[in-house]
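Colleague: the sequence and its predicted three-dimensional model are supplied below.
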Amino acid sequence: MVFVQKNGGKMNQAHRIICLNLLVRVLESAREKIAANRELGLNLVEFCTREMIATKEDAPDWQQPVSTCLVLLSQHYCNDVIDSLLKCFKPGEMPHYFIVKTMADIAAAQGVQFTLRMRECLSRLIPVLSAVKSGPQKWVFAAGMSHVICSLEVV
């Protein structure tokens, strides 16, 4: 994590992708250990959020693994992950593609936890729906709303 942060701008994209995919594997295998260390968990949430929105363009090769990390972290730090995403999603502004996608994936993975924050999330999503123009944004908003609605079935 520190290596990626220090070398982020100068880091070879292939190396960044490898590092981020390794982080996904570590989170999958050491979930309980990370849950026991709140400071580490919160640092990972902050790091992953920053990495995910480091560029305005969509770069799924490295943004998807970071999104996956946030979804995995939401198992133990759901409110912190949602808070981090909402900080990057200013009211009335079009959010980054991966902010919406990650929220949708959290809604699907953590239905009960997400529904507790649904009002807050929807109050940011619904006002910008009319401004969605591009194909990928339309898709991610539609899929996101679908996951949010499906999360209600869990509750």
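Modeller: Now that the structure is in, tell me what you want to look at. Model, not experiment: these values are computed from the prediction.
Colleague: now the residue nearest the centre of the chain: closest residue in space, sequence neighbours ignored.
Modeller: The residue lying closest to the centre of the chain (CA atoms, centre = their mean) is Thr102, at 3.6 Å. Distances taken as CB to CB, 6 or more residues apart in numbering place Ser67 nearest to Thr102, at 4.5 Å, with adjacent residues excluded. Every residue, glycine included, has its C-beta placed from N, CA and C.
Colleague: contact partners for the one you found?
Modeller: 48, 52, 98, 101-102, 105 (CB atoms under 8 Å, 6 or more residues apart in numbering).
Colleague: separation between it and Lys133?
Modeller: Remark: distance between Ser67 and Lys133 (CB to CB, to the nearest Å) = 22 Å.
Colleague: now Ala104
Modeller: Note on Ala104: its distance to Lys133, by CB to CB, is 19 Å.
Colleague: out of the two, which sits in the more crowded spot?
Modeller: Neighbour tally, Ala104 and Lys133, criterion other CB atoms under 10 Å: the higher count belongs to Ala104, 26 against 8.
Colleague: burial count for Ile17?
Modeller: So Ile17, with other CB under 10 Å, has 16 neighbours.
Colleague: distance from the helix or strand encompassing it to the middle of the chain?
Modeller: Taking DSSP states H and E as the criterion, Ile17 maps to helix 13-29. Relative to its chain's centre, helix 13-29 lies at 15 Å (CA atoms, centre = their mean, to the nearest Å).
Colleague: the helices in the protein, which residues?
Modeller: Remark: helices assigned in the chain by DSSP state H are 2-7, 13-29, 31-36, 38-52, 60-88, 97-109, 111-115, 118-125, 135-154.
Colleague: give me the buried positions along the longest one.
Modeller: Residues of helix 60-88 classed as buried by neighbour count (16 or more other CB atoms under 10 Å): 62-78, 80-82, 84-86, 88.
Colleague: shaky segments in the chain?
Modeller: Scanning the chain for pLDDT under 70 picks out the ranges 1-9, 154-155.
Colleague: repeat that with 80
Modeller: The model of the chain has pLDDT under 80 over residues 1-11, 152-155.
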